[in-house]
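A.B. asks: Sequence first, then the predicted structure:
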Amino acid sequence: MNTGEILTLKDNLPVLIVVFPFLFAFFTGIFGSFKRFICFPLALIGVICSLISSLFGFCLVYNQRKDIVYTLGGWTRDIGISFYLNSYNASLLFLINLSILFVLLYSRRVIILKFPDRLYAFYSLILLFLTGILGIVITGDAFNLYVFLEIVSLSSYAMIALNGKESYVAALRYLIIGTVGATFYLLGVGILYLKTGNLNMSEIHNAIISQTNLLSIKAAFLFITIGFSIKFAFFPFHSWLPFAYSKTINTVSAVMAPIVTKVTIFALIKVIVLVFGLSYVFSFTCLKFLFSSVLAPIGMIYFSLKAFSQKNIRLSFCYILLMECSLMFGALFLNNILSYQITMYHVALDIIMTLSLFLFVGVLETYFRVYNFSDLESVNIFKLNPTFCILFFITCLSVLGIPPTGGFFSKFYIILAAFTAHVYFFPVCLIVSSFIILVVFLRIFEKLYFNTKKAIEGANNKVPVIMLLIFFVNAFLILGFGFNFNLLLKKIISLYF
C-alpha cells in the first residue's frame, strides 16, 4: 500500500466507523430474511469492522494529537456535513462498539430461541441502533445530530416492542416522550439556523459570539437543554425508562441501558462546548441552582430509594441507572471546567459499569431463572460460579465509588467540583444515595455468597466461558479507569476543551 492509500484510509476513518454497521444492517435485513443462519455472522462482522476502525482512529488521533475531519461529499463545513474524530470521542466509539459486541456474543442462543423467524429483523435493528449512536458521537452538524437521534429512537422503539404485549405499551410511552424531547431539540436548532444560516456546530458558534445576549439565542439554548434532559431521562422526565427497559427482553435492555443515556449526555456536552461555549453556559446561574442544587439531588435520593424498594432485580438496576443519570446531569451544571471533564470521564466509565449490571441480570434470568431478589435464595450462585460473582463484585465497588475502581475517582472529583462551585446539597445527596445503593447490593451479596441452597434441578447453573471473559474485560476496564485516571483526564479528556 502506498502513502496515498494510507492517507486516504486515515482521512475516511470517521465515516467508515458509521458506514460499516449501516451497510451490514442492510445486508442482514436482505440476505438474513432468506438464510437466517447468516444473520449473526453478518451482524458480528459489521460491529467488529466498526470496532477496529474506531480503535485505529483512536491510535491515530492520540499519537498525532490532531483531529481527523471528514466532510461528506467534499463540501465545505459551512454548507455540508462534517464528521470529527478526536481522542475522546474515538475512545467513546470504541467502548460503544465493544459493548454491542459483548451483547451480541452473550445473547446469540437466547435470540435464536426467542425470535427464530425474526433474526434478520432483530440484528438489523441493533445495527441501525449502533449506526445512530455512532453518528451522534461523531457528527459536527446540529441537524445531522437530530437525524441520528431519530435513527436511535426509531430502532429503540422497534426493539422494545419485539417482546410483544406489555412491551407495546412501553414502546408507545417511549415514542411519545422521545418525540417531545426531539421536538424541543429541533426547535432550538431551528432558531439557531434562522439566526445564523448555518447548521455546522463550529460555524454556528462563530456566528453567535456577538449575539449571545439575544433572547432568541437564550431560547434556543433552553429548548436544546430541555430536549436533551427529556431524552436523557432526567428527573422528572424519567418515567419511560424503567418501564421500557423492564418490559422488553434482557438483551434489548443490555443493548440500550449502557449506551442511550450516556451518548445523550455527551451530545449535550458537545452542543454546549462547540455551539454555545462554556463561558456562555456558565452565565446561566439559574440553571446551576435548578439542576445541580434542586432537581439532581432530589433525583439521586428518589431513584436510590426506588431501587431499594423494588422486588425485581432488573427494575432495581434501572433506577440505579437513573440515579447515575441525575449524578451526571447535575455535575454538568456545576459550571466549572472540572465538572465537565469529570462528567465526560464518568460517561465513558458508566458505559462499562451499566453494561456489567444488565449483563449480570441477563445471566441471572437466562441461566438461573432468577428475576426477583427473593429468587436468589433458590440457588447458591457463588458456590457454582465464584469467578463470575467476584467479577461482578468489582462492578458494584465502582458503582458505589470504592477505590481503586474508576467510580471512586469520578465521584470524588464530582464532590470536589461541587464544593468548588459552592453547591453543598448535591454532594450530600450523592453520598446518601450511594449508601442506599450499597444496601441494594448487600441484598444481592447476602444471597450470592451466603446462600446454603443447592442448584435447581434440571437447570443450567454454569455461566458460559464467554460470559466470564466479558465480565473479566469489564472488570479490567473498570480498574484500568481507576489506575489511569490522570492519563485519561490530561491526555484524552482535557484535549476536548
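C.D. replies: Looks like it came in fine. Fair warning: this is a prediction, and the values are worked out from it, not measured in the lab.
A.B. asks: can you list the residues that contact stretch 186-203?
C.D. replies: 77-78, 80-82, 140-144, 146, 204, 207-208, 211, 214, 216-217, 219-224, 227, 270-271, 274-275 (CB atoms under 8 Å, 6 or more residues apart in numbering). For the C-beta atoms, the positions are set from N, CA and C on the backbone; glycine is no exception.
A.B. asks: Now the buried members of those.
C.D. replies: 77-78, 81-82, 140-142, 144, 146, 204, 207-208, 217, 220-221, 223-224, 227, 270-271, 274-275 (16 or more other CB atoms under 10 Å).
A.B. asks: Let's see which of those residues end up in helices.
C.D. replies: 142, 144, 146, 204, 207-208, 217, 220-221, 223-224, 227, 270-271 (DSSP state H).
A.B. asks: Can you report how many residues lie near the spatially closest residue to I138 that is not a sequence neighbour?
C.D. replies: In space, and not counting its chain neighbours, I138 is closest to F83: 4.9 Å by CB to CB, 6 or more residues apart in numbering. By the criterion of other CB atoms under 10 Å, F83 has 25 neighbours.
A.B. asks: Quick check: bridge partners of F83?
C.D. replies: Y70, T139 (DSSP bridges).
A.B. asks: before we move on, back to that, between the ones in helices among the buried ones among the contacts of stretch 186-203, which is nearest L384?
C.D. replies: K270 (44.8 Å; CB to CB).
A.B. asks: what's that closest one in contact with, if anything?
C.D. replies: 145, 201.
A.B. asks: May I have the predicted confidence score for it?
C.D. replies: On pLDDT, K270 comes in at 90.
A.B. asks: And L9, by the same measure?
C.D. replies: 63.
A.B. asks: how about the helices of the stretch 1-150 of the chain, start to end?
C.D. replies: 3-11, 13-31, 39-64, 87-114, 119-138, 142-161 (DSSP state H, counting those that start in this stretch).
A.B. asks: most neighbours per residue, which of the ones you listed?
C.D. replies: For the helices of the stretch 1-150 of the chain, the largest average neighbour count (mean count of other CB atoms under 10 Å) is found in helix 119-138, namely a mean of 26.
A.B. asks: what pLDDT, on average, does that helix get?
C.D. replies: 91.
A.B. asks: then it to PDB, C-alphas only?
C.D. replies: Coordinates of each C-alpha in helix 119-138 appear next as PDB, following Å, rounded to 0.1, in the frame of the first residue of the first chain:
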ATOM      1  CA  LEU A 119     -33.500 -12.900  13.500                       C
ATOM      2  CA  TYR A 120     -32.900 -10.600  10.500                       C
ATOM      3  CA  ALA A 121     -35.200  -8.000  12.000                       C
ATOM      4  CA  PHE A 122     -33.600  -8.100  15.400                       C
ATOM      5  CA  TYR A 123     -30.000  -7.900  14.200                       C
ATOM      6  CA  SER A 124     -30.800  -5.300  11.600                       C
ATOM      7  CA  LEU A 125     -32.400  -3.100  14.300                       C
ATOM      8  CA  ILE A 126     -29.300  -3.500  16.600                       C
ATOM      9  CA  LEU A 127     -27.000  -2.400  13.700                       C
ATOM     10  CA  LEU A 128     -29.300   0.500  12.900                       C
ATOM     11  CA  PHE A 129     -29.300   1.500  16.600                       C
ATOM     12  CA  LEU A 130     -25.500   1.300  16.600                       C
ATOM     13  CA  THR A 131     -25.300   3.400  13.400                       C
ATOM     14  CA  GLY A 132     -27.400   6.200  15.000                       C
ATOM     15  CA  ILE A 133     -25.400   6.100  18.300                       C
ATOM     16  CA  LEU A 134     -22.000   6.300  16.500                       C
ATOM     17  CA  GLY A 135     -23.400   9.100  14.300                       C
ATOM     18  CA  ILE A 136     -24.400  11.200  17.400                       C
ATOM     19  CA  VAL A 137     -21.000  10.800  18.800                       C
ATOM     20  CA  ILE A 138     -19.000  11.700  15.700                       C
END
